[in-house]
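> starting from these lines, generate the structure:
(chains A and B)
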Number of protein chains: 2
Amino acid sequence: MLSGMHPMHPHDGPLTRLRRSHEQSVLELLRKYGPLSRAELGTRSGLSRTTLYDIVAGLVTSGAVVAGTPYVEARKRGRPVEKLSLNPAAGEAVGIDFARRAVHVAAVNLAHEVVGSASEGHTGELSWPERVDIAVRLLDSLTTRAPAEVEAGDGGSGRAQAVHLGALRAIGVGVVGPTTDPGSESAHAQGIDGLPDLLRKRFGVPVLLDNNTRLAALAEAVWGAAADSGDVLYLRLSHGVGGGLVVGGALHRGRYGLSGEFGHITVDPAGERCECGKTGCLETRASLDAVLRRYREAGGRADSPADFLASATAADRPALEVLARVGSEVGQVLAAVCHAVGPGVIVVGGELAQAGDALLAPVEQALRQHLMPLACHHVDVRRATLGEAGSALGGIALVLHETPLLTHYPQPVSEENA
Amino acid sequence: MLSGMHPMHPHDGPLTRLRRSHEQSVLELLRKYGPLSRAELGTRSGLSRTTLYDIVAGLVTSGAVVAGTPYVEARKRGRPVEKLSLNPAAGEAVGIDFARRAVHVAAVNLAHEVVGSASEGHTGELSWPERVDIAVRLLDSLTTRAPAEVEAGDGGSGRAQAVHLGALRAIGVGVVGPTTDPGSESAHAQGIDGLPDLLRKRFGVPVLLDNNTRLAALAEAVWGAAADSGDVLYLRLSHGVGGGLVVGGALHRGRYGLSGEFGHITVDPAGERCECGKTGCLETRASLDAVLRRYREAGGRADSPADFLASATAADRPALEVLARVGSEVGQVLAAVCHAVGPGVIVVGGELAQAGDALLAPVEQALRQHLMPLACHHVDVRRATLGEAGSALGGIALVLHETPLLTHYPQPVSEENA
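I've put the predicted structure just below:
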């Protein structure tokens, strides 16, 4: 852990930061000790009466904190004491993943337990208003509250029901492709013009946006295969090959939003041309299409990635041989990244990971072969556990990280302290 | 930047964190506004009178803050108002690099300007007390204050003069090799038994320890070639090949203190055996010894790395050819790491970097060849600027990062905001 560092929103002045830090203190005390009076909060937080009343008023207005029914303490006379507590109806967060051909949503309650997730596929040709309608409908199906009417978004269906989510602070959204200014309200990715506005109108809250593969990495580190480790390398083997790094429990994004691009690490300089423009990238060898092609070249017969995975599951020999070669190349690339970054856990996800040990065993073998011996027992290879909901869950984790009122999602347990 | 995250010391309770956060607030206000009275600090910080007086008392006791001569404000009557300010004699920090065959030291003043640095070579066979004596003598030469006698350390020379450094909070120390629990007081590396105790006795302050190559990375990001960027990949080409990553202005250490091990990324699986135990590592191709060997194999004549560098400077053809091949391999490894991490700046240091463009041009060419085109204009290759003092300066940066009273070293200017 990099102790003592307090990364801040770049545009915050010291007074805004101070206010946020006071809000954090009050929320942390309510989280830890349960309902407290203003006097008790004052004593425990060290804040002056004026500051504390101001901070509490803001938290009550935002809906994060509720003032309980005043009561007179048993053994004391005098004015009733109002207790403040976290609002049980507040703090819910939702994540949405606008994948290429599907919409995935997930929601968590105040305790940051996953309430549920839902998915719906589409042709990949829907407009943004149509995709947002799907997201709203899916979220609606996850909540038990009576739906309320809201204004119709531009081009959106006025009949679609809004999700009422209490004092929802923000929505975390995953999109396809490199994202500039990721994780923020000003984030942008190619082809998403209008989407943030559409969501803001529909939900009336800030929309935080990031690359959906990277969000899946964060989700695996918070709720998934690497929930016990704050340092995770996530690799997704799907139609594309990409991933993300979680460092000390937080998403690592790189200087210009370019990181976790494991699919474009060169495996063979003399290899095939990649969609990115160069040659021999891991993606040209380990994407679903590449694996399918290699399988056919090896004499295998499969019309789709699903066919190939069925063959692998049936221990078809050419399928296993292709997976062994793919795994070996993946493992070598992972070893290079491990030397640079030193993650505690490697999580492999995406459809190809469904091949299980037929893929992961050769990955691990090559990894250990190319890792310096000193590092060999310091990394664990695991299969992703969150499935297609991963990126939507990552959107939630993004909200819990980035909005000042909701930073305290359950901390991953440190392996050393476990 | 990962906003809203507040990584903390793992063993801190919420109350310790709260106290540190209050200390930070008070120091930040004094830094920003200059001398302030307790009343002014109370208004600006939002802390209660009791809390503020307590925090200020602690800061005065530690020497970080001084209470100025009380004075009566011009237009007001009544009691004199005592102003508090940062202690100009406090906050100095020193860094020491115990390299294999030299001791390097550096010191900064309260404004975090480098006061000076000094180095002394040795045979590599000195005991720790002897090396500490060298460090003390070098530090003494950097300070203008009258030296004072201190107790002799175990086995140390009682005649060595102590450095008086005001309210010095900690010493940052670089050592050779992988370090467990890096950056902390409990850090350890092989072969350094007794060193932290020796330094603690000699200076009477906490000793923070980390790998010296990684500290050089931090220093280049704070004061050196990449002072304008918070995201840096530092590669050192010396007798060994290693490096470090700086992420968002802070040193990235990896889950088990293993990161920045660029020298052990496989370049050629069928290559030579490396000291680490596996084969074909970058270190077997790009260390000073490896380059010297390759030069001789190419018909060059050189008795030492210095001879080789002289030949390269004289544009000796075999020397340039070797550097071109080395640079190409280095560039390919750097491209792999860039895809994973997305640094804004790559800094190349170590003796081999003295070859200048003869090395850096092929490095950059190979880097761009193996980077996805989208990422090509997002990384800058630069030669390190801090020289042999780099790791000692990194020790200072470590202290400024890690000790709660001294976190505010000058922030790297964001390229986007510049």
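> all strands of the stretch 301-418 of chain A, in order?
Secondary structure of the stretch 301-418 of chain A by DSSP state E, counting those that start in this stretch: the strands cover A:345-349, A:380-383.
> could these be laid out in JSON lines, adding mean neighbour count, mean pLDDT and distance to A:Ser391?
To be clear about C-beta, it is placed using only N, CA and C from the backbone, and glycine gets the same treatment. Converted to JSON lines, the strands of the stretch 301-418 of chain A look like this (neighbours: other Cβ atoms under 10 Å in any protein chain shown; pLDDT from 0 to 100; distance: least, Cβ to Cβ, whole Å):
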{"stretch": "strand A:345-349", "mean neighbour count": "27", "mean pLDDT": "97", "distance to A:Ser391": "10"}
{"stretch": "strand A:380-383", "mean neighbour count": "18", "mean pLDDT": "96", "distance to A:Ser391": "17"}
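> closest to chain B out of those strands?
strand A:345-349 (8.0 Å; Cβ to the nearest Cβ).
> partner strands of that closest one and their direction?
Strand A:345-349 has its sheet partners listed here by DSSP bridges as strand A:232-237 (parallel), strand A:380-383 (parallel).
> hmm, who's touching it?
Residues from elsewhere that reach strand A:345-349 (Cβ atoms under 8 Å, 6 or more residues apart in numbering or on different chains): A:216-217, A:220, A:224-226, A:228-229, A:231-237, A:330, A:334, A:338, A:359-360, A:363, A:367, A:379-384, A:386, A:390, B:255.
> how about a cut-off of 6 Å?
Identification of contacts with strand A:345-349 by Cβ atoms under 6 Å, 6 or more residues apart in numbering or on different chains yields A:220, A:225-226, A:229, A:232-236, A:334, A:380-384.
> and which of those residues is nearest to chain B?
Lowest distance from chain B to the contacts of strand A:345-349 (Cβ to the nearest Cβ) belongs to A:Ser229, with 6.9 Å.
> you'd agree that closest one is in a helix?
No. Secondary structure of A:Ser229 (DSSP: H, G, I helix; E, B strand; the rest coil): coil, not part of a helix.
> what residues does the stretch 51-200 of chain A put near chain B?
Within reach of chain B by Cβ under 6 Å from any Cβ of the partner chain, the stretch 51-200 of chain A has these residues: A:Thr51.
> for chain B, give me its nearest residue in the stretch 51-200 of chain A.
Relative to chain B, the nearest point of the stretch 51-200 of chain A is A:Thr51 (3.6 Å; Cβ to the nearest Cβ).
> which stretches in the stretch 151-300 of chain A count as helices?
Assigned by DSSP state H, counting those that start in this stretch, the helices in the stretch 151-300 of chain A fall at A:195-203, A:212-222, A:283-286, A:288-297.
> quickly list what A:Lys83 is bridged to.
Beta-bridge partners for A:Lys83, by DSSP bridges, are A:Ser37.
> just give me the neighbour total for it.
Residues within reach of A:Lys83, counting by other Cβ atoms under 10 Å in any protein chain shown, total 19.
> can you tell me how far it is from A:Leu30?
Distance, A:Lys83 to A:Leu30, using Cβ to Cβ, to the nearest Å: 10 Å.
> equivalent analysis for A:Ile396, please.
Relative to A:Leu30, and taking Cβ to Cβ, A:Ile396 is found at 21 Å.
> who's more crowded, these two?
Remark: of A:Ile396 and A:Leu30, A:Ile396 carries more neighbours, 31 against 21, as counted by other Cβ under 10 Å.
> around chain B, which positions in the stretch 301-418 of chain A sit nearby?
For the stretch 301-418 of chain A, the contact set with chain B under Cβ under 6 Å from any Cβ comprises A:336-337, A:339-344, A:370, A:372-373, A:375, A:378, A:401-402, A:404, A:407.
> what residues of stretch A:272-280 count as buried?
Using 16 or more other Cβ atoms under 10 Å in any protein chain shown as the test for burial, stretch A:272-280 gives A:274, A:276, A:278-280.
> now, which of these lie close to chain B?
When contact is defined as Cβ under 6 Å from any Cβ, the buried residues of stretch A:272-280 meet chain B at A:Cys276.
> for chain B, what's its nearest residue on the stretch 301-418 of chain A.
For the stretch 301-418 of chain A, Cβ to the nearest Cβ, closest residue to chain B: A:Gly342, 2.2 Å.
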